[in-house]
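Asker: missing the sequence, but the structure's below:
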């Protein structure tokens, strides 16, 4: 009787380990397309990602670079003060999208151009995504819109 209990206990432990391994593998497989890493323009310029990698890039839309091409294609540069990356996007831009404003784009970096499939813009005049703020602070060009003006 003792040998049967011990054998059954080992079978249950092995079965639980196999089930846990399969569940972990399925979760990882399901999440592989849902994980998008954020990069600043400086990071993209320093270490360009593979053309198959989907990621998010964020920064400020560079002044004087916004141009509309054929149809719904829009071209502009996104910068964090340290580097400037050209971006192309086909589709309708958010209403609050403008030059000099914060944005985040999702897509791929192909042949030196970020080809966006989604563009997100700021929510109001003072909102900027935390990742963009951190990247701009790292470059030393972030100005807090809610900060009190300095007087002399």
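Answerer: All right, it came through fine. None of these values were measured; they are calculated from a predicted model. Numbering: from 1, shown residues only.
Asker: show the contacting residues for the residue nearest the centre of the chain.
Answerer: Centroid-nearest residue in the chain, with C-alpha atoms, centre = their mean: residue 56, separated by 2.2 Å. Residue 56 makes contacts with 36, 37, 38, 39, 104, 105, 106, 131, as judged by C-beta atoms under 8 Å, 6 or more residues apart in numbering. No exception for glycine: its C-beta is placed from N, CA and C like everyone else's.
Asker: and it, that one's in a strand?
Answerer: Yes - using DSSP: H, G, I helix; E, B strand; the rest coil, the assignment for residue 56 is a strand.
Asker: report the beta-bridge partners for it.
Answerer: Beta-bridge partners for residue 56, by DSSP bridges, are residue 38, residue 106.
Asker: which helices and strands sit right next to the helix or strand of the chain with the lowest mean pLDDT?
Answerer: Ranked by mean pLDDT, DSSP states H and E, the weakest helix or strand in the chain is helix 130-139, scoring a mean of 77. When contacts are defined as 3 or more C-beta pairs under 8 Å, 6 or more residues apart in numbering; DSSP states H and E, helix 130-139 sits against helix 41-46, strand 55-61, strand 102-110.
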